[in-house]
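Participant: Sequence unavailable; structure follows:
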């Protein structure tokens, strides 16, 4: 490999990870595009219950990387963790296919009783395998991107942006394929397409991993097995599957409204950082950098809880209160979820080039400021949609261009925050804690997604069916209209952006020379 290639090109392993993640994201976002619609239209859940289940599922999806990171660092290594996770997720998607097949999802309305009880049980089983499988897959494939490069390599930020573009290539096609199949033919076929996508990702990784996953500097393989799994670790994997299935069924088993999943996720946000920081091997410099990861993870919660309305309240909004007609054709509501990845595919090279050019001129903002800019753009997206619905009757529909505008602004914010955040964790983490800290970063996403479900449940009557006709509220603020609902996100993300801008200088000092 020539010196110029080392400095300006990217190793081939990046593109293997690119395509593997692309198929996994096809699977995840294909299911996500139709999941809430499946629960509401076929299983006849009300909007609040569907939002809560969505939040619990997506929250647990980001919680299990802690287990996956732990087992990867000590036993499996990145490669086997990715293979294990991919296989488990393929099984999960297949179980959702079975769930939809026995629910009569070719169009008939089925109540959650009698024959459909099996459908709901299969849904819980499918979600369980998806949640556990993601725990093995997600932190390890992200960590391997950073391991391809020598320490301190300036290309890491652009590599994560390219990797992030691969994620969104899969995310773009999946709502179009799975959404069209799910909404127009039957939800089971949308879930089956997601299953096939996951299988293709596993095959791609298995075939090429030994050839391309090597460190560019010394040529050594990366992500290999650390040591064989022992009996307690195998028991931990099996136990986690049983525990998550139990947690998902807690409400129906005990007829209780106690949110045990919420307690688990939010409690982990306190316990896990405490455990990591108590490790006596951590140096003073490492401690400072790890604190930056935890502080920024807190702000990430505000970003993703607003952003992830895409799979819940914004999908309900697209289904019921967005005019989706183009001439005589009505676009599926799930297709709006392709706007975000399409915008990323279009804008990611521009942002990568922009950061590179600013870096050459010593003008590139540090990671904390980039993330504050991302929060600001997210806030502006909700300003746009709030303007569209202000004064509009609850039964009226708004033009689809307002919702598309929101998604484009959210995409720009995402490009400022998400790939930069992944790169920052890779650069700031001590190598011996790399997967665990990446898992901790995703723990913030877990809290955000769980919060996203709770916030989505606040969508008022007219946009969604109010639970028992009660006007939803938050911190004493009554949410009577869609304008009120979107104002919640404007205030939340706006305040977070201002505070993060104010803290960015202090955080930069704590990063000890890393930007």
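Facilitator: Cool, got the structure. Since the model is a prediction, treat every value here as computed from it, not as a measurement.
Participant: Could you check how many residues crowd around residue 281?
Facilitator: 8 (other Cβ atoms under 10 Å). Every C-beta, even on glycine, is put in place using the N, C-alpha and C of the backbone.
Participant: Look at it and give its secondary structure.
Facilitator: coil (DSSP: H, G, I helix; E, B strand; the rest coil).
Participant: tell me the contacts of it?
Facilitator: Listed by Cβ atoms under 8 Å, 6 or more residues apart in numbering, the contact set of residue 281 reads residue 432.
Participant: Tell me the secondary structure at the closest residue to residue 385 other than its chain neighbours.
Facilitator: Distances taken as Cβ to Cβ, 6 or more residues apart in numbering put residue 406 closest to residue 385, at 4.6 Å, once the chain neighbours are dropped. Under three-state DSSP, residue 406 falls in the helix class.
Participant: So residue 406 sits against residue 384, correct?
Facilitator: Yes. Using Cβ atoms under 8 Å as the test, residue 406 is close enough to residue 384 to be in contact (5.4 Å).
Participant: Against residue 163, how distant is residue 38?
Facilitator: 30 Å (Cβ to Cβ, to the nearest Å).
Participant: Would you map the strands across the stretch 301-450 of the chain?
Facilitator: 322-323, 325-326, 329-330, 398-399 (DSSP state E, counting those that start in this stretch).
Participant: More neighbours: residue 406 and residue 384, which one.
Facilitator: Comparing residue 406 with residue 384 by neighbour count (other Cβ under 10 Å), the higher total belongs to residue 406, at 27 against 19.
Participant: Low-confidence ranges, the stretch 201-350 of the chain, go.
Facilitator: 216-217 (pLDDT under 70).
Participant: Can you tell me how far the residue nearest to residue 385 is from residue 322?
Facilitator: Taken as Cβ to Cβ, the span from residue 406 to residue 322 is 11 Å.
Participant: Over to residue 380?
Facilitator: Counting by Cβ to Cβ, the separation of residue 380 from residue 322 is 19 Å.
Participant: The two: which has the busier surroundings?
Facilitator: Per other Cβ under 10 Å, whichever of residue 380 and residue 322 has more neighbours is residue 322, with 22 against 19.
Participant: how about the helices of the stretch 251-400 of the chain, start to end?
Facilitator: 260-277, 284-307, 313-321, 339-360, 367-389, 400-428 (DSSP state H, counting those that start in this stretch).
Participant: Run through who's touching the shortest one.
Facilitator: The one in question is helix 313-321. So helix 313-321 is contacted by 33, 36-37, 40, 47, 51, 324, 333-334, 336-337, 389, 394, 396-398, 403, 406, 455-456, 459, 462-464, 482, 485 (Cβ under 8 Å, 6+ apart).
Participant: redo that, cut-off 7 Å
Facilitator: With Cβ atoms under 7 Å, 6 or more residues apart in numbering as the test, helix 313-321 has contacts from 36-37, 47, 51, 333, 336, 397-398, 403, 456, 459, 463-464.
Participant: residue ranges with poor pLDDT in this structure?
Facilitator: Using pLDDT under 70, the chain drops low at 1-8, 104-116, 216-217, 435, 461-469, 513, 515.
Participant: Among the contacts of helix 313-321, which one has the most neighbours?
Facilitator: residue 51 (29 neighbours).
Participant: can you tell me the helix or strand for it?
Facilitator: Using DSSP states H and E, residue 51 maps to helix 47-63.
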